[in-house]
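A.B. asks: This is a predicted model, with the sequence first.
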Amino acid sequence: MSIRVYNTLTRTKEEFQTIAPGKVGIYLCGPTVYKESHIGHMVGPVIFDTIKRYLAYNRFEVTWVVNITDVDDKLIAQSQQRGIPMSQVATEMTMDYCANLMALGVDQITHMPKATEHIKEIIEFIQRLIEKDYAYESAGDVFFDVRKDSEYGKLSNRRPEEQAGMGGEAASKKRAPGDFALWKEAKPSEPAWQSPWGPGRPGWHIECSAMSHKVLGNSFDIHGGGLDLIFPHHENEVAQSECCHDVPMARYWMHNGLLRSGEAGKVGGRATAEENTADGLEHTATEKMSRSKGAGGLRGLIDRQGGERIRFFLLRTHYRSTIVFSEDRVAEAGGALEKFYLFFERYQRVTGQSFYLDPNHSSNASQRLRDHDGSYTGDSELRENVCELKSEFLRKMDDDFNTGAAMSDLFQLLTALNKFADENRLEDKQPADEPLEAFCQGVETLRELAHLLGLFVTPPVRAVGESDQEATNALVNLLINLRSEARTNKNFDTADQIRDSLGDIGIILEDRQGSTEWRTQ
RNA sequence: GGCGCCGUGGCCAAGUGGCUAAGGCAGAGGAUUGCAAAUCCUUUAUCCCCGGUUCGAAUCCGGGCGGCGCCUCCA
């Protein structure tokens, strides 16, 4: 039983072996906090949050670092444009980023170091590179000399000499066009820190090398980020770090696929299939999500769809694949979650306990360990089925964290449990003890596996406010009572009219034994 | 030009050499229900095209067509 991960460096799946036994260090490149984050920024955090949960489940002690880059040309531009200090822009956007992470259930991050709080380490790092002759000062700037690094290009598989169009505005200060800035001289109006080369600020890549070194050491296990960071960001990071420390920076380089926009121009307006297929072929122009292309509105998306839907949408596809994003797609995918929510209500009807608040398990279920001593006793068809689905789920997760494939077992588990509840009439007043226990154990497994994906940890956030809900509650119950009376009198026309009218405004009634329940949508 | 990815049922999406090609959504039929809802059961695949390797390929190789990414800021 071993975990395999795809390594960008070798372009193969490799067996996962940690540097220190039982411990894992992960560094994920976080955002440059100059604007509100968009949906694309959530892909890496969500998959690595899941990876951390899974590694912890496999008895690893995991340290997961996500950096905040809070000094950068774009941040300076923002602060000047808005007329506020750069640090204020950074603080606002960092809070926005963290709020979005929380909404998507990303709560496993161990450290979030900021670049501006590590200027000293950054300067020391650069000094070391200069001493070792891998970097040079040039008129207030410091550059990394790519020609000194014989391994430069190994991650992205490209040779600097073959690159066209490199150099940028600082080209005249460089020895070679592929050289990149470690330290940038400050212009008069720009924020600056004192350094041996005069006032300035760090270049883009150096903060990650310095901070990962500080928190995780010379070598750590996993370095992650979006595919678009392979070049130049990660290529430059490896170059800096390995020239500085003379050991491999990271064992496994993991890169998540990017999101592409699949907006058909009908977001928010329930586009019907009939409308779209009128001309037979509708080629939706899709393009990569990026802030420069106007992707945005993550907060609104979260408000409308809920974080869990978005998380589910992202984990449905393998993390290295491109995902075509649109709100319609999120909404559509999220419909599948309803089946689980309805089941959790069923679970509550059967056991009288909330799926979420079970005092015995809720708080610890996500900390369950693999191969724990399960309380699975006796044998039955359900138990066998559950065990098999669980091992299938784990087998798929072992194979490069194949969350999309693993989800199918979650759905099959759900179906098995529903079927079992049907067949054993668990919603009757007095269900037999033995089947009830088997059922609860099955639910326990469902919870255990779902929590590995970060799903169903907390109740879904509904859009309705608290007080609204109370009023709605009272009102609907009133109508239910009226309808119930009509039904008792065999006045089904009236009963149906009430139910249909409620259905028209989005309230669904469900008749159970002796009572009627309702839900929205 | 250099490096790289993708093309699986109406839609989304696993599977990368060998049982009847997962699962979800949508649709259809059935069970259940006073009628519904929920739930369960049943049901839909020339795996982009052509050639090759092989006893055997969606899966490997070559070619073609189509879509996309990076090489400039980007998760």
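C.D. replies: It's in.

A.B. asks: only C-alpha atoms for contact and neighbour calcs from this point on.
C.D. replies: Fine.

A.B. asks: Show me what counts as buried in stretch A:195-204.
C.D. replies: A:195, A:197-204 (16 or more other Cα atoms under 10 Å).

A.B. asks: Point out where chain A drops to low pLDDT.
C.D. replies: Scanning chain A for pLDDT under 70 picks out the ranges A:1, A:160-168, A:263-296, A:357-367, A:373-379, A:462-468.

A.B. asks: how does it look with 50?
C.D. replies: A:264-285, A:291-295, A:362, A:365, A:464 (pLDDT under 50).

A.B. asks: Tell me how it divides into domains.
C.D. replies: Split into domains by automatic domain parsing, chain A comes to A:4-256, A:337-452, A:466-520.

A.B. asks: for the longest one, how far is the first residue from the last?
C.D. replies: Translated: domain A:4-256. 16 Å (Cα to Cα, to the nearest Å).

A.B. asks: how about that domain, does it reach RNA strand B?
C.D. replies: Yes: using Cα under 7 Å from any atom of the strand, domain A:4-256 reaches RNA strand B at A:29-32, A:40-44, A:74, A:156-158, A:162-166, A:168, A:204, A:225-233, A:256.

A.B. asks: Derive a PyMOL selection command for the buried subset of those residues.
C.D. replies: In PyMOL syntax, the buried subset of these is picked out as below (16+ other Cα under 10 Å):
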select buried, chain A and resi 29+30+31+32+40+41+42+43+44+204+225+226+227+230+233+256
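
A.B. asks: can you pull the contacts of A:K154?
C.D. replies: A:9, A:235 (Cα atoms under 8 Å, 6 or more residues apart in numbering).

A.B. asks: Same question for A:G198.
C.D. replies: Contact partners of A:G198, counting by Cα under 8 Å, 6+ apart, are A:140, A:185.

A.B. asks: Would you tell me what helix or strand it is located in?
C.D. replies: Using DSSP states H and E, A:G198 sits in no helix or strand.

A.B. asks: Pull up the gap between it and A:A186, please.
C.D. replies: Computed as Cα to Cα, the A:G198 to A:A186 distance reads 8 Å.

A.B. asks: Surely A:L414 is within a strand?
C.D. replies: No: assigned with DSSP: H, G, I helix; E, B strand; the rest coil, A:L414 falls outside any strand and is helix.

A.B. asks: so how far is stretch A:313-331 from its chain's centroid?
C.D. replies: Averaging C-alpha positions (Cα atoms, centre = their mean, to the nearest Å) puts stretch A:313-331 11 Å from its chain's average.

A.B. asks: returning to that earlier point: and the buried residues of stretch A:195-204, which two are furthest apart?
C.D. replies: Largest separation among these by Cα to Cα: A:G198 and A:W204, giving 17.8 Å.

A.B. asks: need the domains of chain A in CSV with distance to A:D328, can you?
C.D. replies: What follows is these, written out as CSV (distance: least, Cα to Cα, whole Å):
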stretch, distance to A:D328
domain A:4-256, 14
domain A:337-452, 15
domain A:466-520, 19
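
A.B. asks: Out of those domains, flag the one nearest A:R304.
C.D. replies: For A:R304, the closest of the domains of chain A is domain A:4-256, at 12.1 Å, according to Cα to Cα.

A.B. asks: one step back: let me know which of the domains of chain A is tucked in deepest.
C.D. replies: domain A:4-256 (a mean of 19; mean count of other Cα atoms under 10 Å).

A.B. asks: What about the residues of domain A:4-256 next to RNA strand B, which are in strands?
C.D. replies: Those of the residues of domain A:4-256 next to RNA strand B mapping onto strands are A:225-226, A:256, per DSSP state E.

A.B. asks: what's in contact with the helix or strand that contains A:M95?
C.D. replies: Using DSSP H and E, A:M95 sits in helix A:86-103. Contacts to helix A:86-103, defined as Cα under 8 Å, 6+ apart, come from residues A:33-37, A:42, A:45, A:68, A:70-71, A:75-76, A:78-79, A:107, A:191, A:298-299, A:302, A:306-308.

A.B. asks: send the alpha carbons of it over as CSV?
C.D. replies: Provided in CSV are the C-alpha atoms of helix A:86-103 (Å, rounded to 0.1, in the frame of the first residue of the first chain):
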residue,chain,number,x,y,z
MET,A,86,1.1,49.1,-0.3
SER,A,87,0.8,47.4,3.0
GLN,A,88,-2.9,48.3,3.2
VAL,A,89,-3.5,46.9,-0.3
ALA,A,90,-1.7,43.7,0.8
THR,A,91,-3.7,43.4,4.1
GLU,A,92,-7.0,43.8,2.4
MET,A,93,-6.3,41.3,-0.3
THR,A,94,-4.8,38.8,2.1
MET,A,95,-8.0,38.9,4.2
ASP,A,96,-10.0,38.5,1.0
TYR,A,97,-7.9,35.5,0.0
CYS,A,98,-8.2,33.9,3.5
ALA,A,99,-11.9,34.4,3.6
ASN,A,100,-12.3,32.7,0.3
LEU,A,101,-10.1,29.8,1.5
MET,A,102,-12.3,29.3,4.5
ALA,A,103,-15.4,29.4,2.4
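
A.B. asks: Output the contacting helices and strands for the longest helix belonging to chain A.
C.D. replies: The longest helix of chain A (DSSP state H) is helix A:327-351. In terms of contacts (3 or more Cα pairs under 8 Å, 6 or more residues apart in numbering; DSSP states H and E), helix A:327-351 is packed against helix A:298-305, helix A:307-315, helix A:403-423.

A.B. asks: Pull the distance from stretch A:487-499 to the chain's centre.
C.D. replies: The answer for stretch A:487-499 is 47 Å, by Cα atoms, centre = their mean.

A.B. asks: One more: stretch A:109-122?
C.D. replies: Averaged C-alpha coordinates place stretch A:109-122 at 22 Å from its chain's average position (Cα atoms, centre = their mean).

A.B. asks: Now do the end-to-end distance for it.
C.D. replies: 22 Å.

A.B. asks: which other residues reach that stretch?
C.D. replies: A:49, A:63-71, A:193, A:202, A:206-207, A:210-211, A:214.

A.B. asks: at 7 Å what do you get?
C.D. replies: A:63-71, A:206-207, A:210 (Cα atoms under 7 Å, 6 or more residues apart in numbering).

A.B. asks: could I have stretch A:182-199 exported to PDB, CA atoms only?
C.D. replies: Extracted in PDB, the C-alpha atoms of stretch A:182-199 (Å, rounded to 0.1, in the frame of the first residue of the first chain):
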ATOM      1  CA  LEU A 182      16.900  38.900  -7.200                       C
ATOM      2  CA  TRP A 183      16.800  42.500  -6.000                       C
ATOM      3  CA  LYS A 184      15.300  45.600  -7.600                       C
ATOM      4  CA  GLU A 185      16.500  49.100  -7.000                       C
ATOM      5  CA  ALA A 186      13.700  51.400  -5.700                       C
ATOM      6  CA  LYS A 187      12.600  54.400  -7.600                       C
ATOM      7  CA  PRO A 188      12.100  57.500  -5.400                       C
ATOM      8  CA  SER A 189       8.300  57.000  -4.700                       C
ATOM      9  CA  GLU A 190       8.500  53.300  -4.200                       C
ATOM     10  CA  PRO A 191       8.500  51.300  -1.000                       C
ATOM     11  CA  ALA A 192      12.000  50.200  -0.200                       C
ATOM     12  CA  TRP A 193      14.200  48.300   2.300                       C
ATOM     13  CA  GLN A 194      17.800  49.000   2.900                       C
ATOM     14  CA  SER A 195      20.300  46.500   1.500                       C
ATOM     15  CA  PRO A 196      24.000  46.200   0.600                       C
ATOM     16  CA  TRP A 197      23.000  47.300  -2.900                       C
ATOM     17  CA  GLY A 198      21.000  50.400  -1.800                       C
ATOM     18  CA  PRO A 199      17.300  50.800  -1.200                       C
END
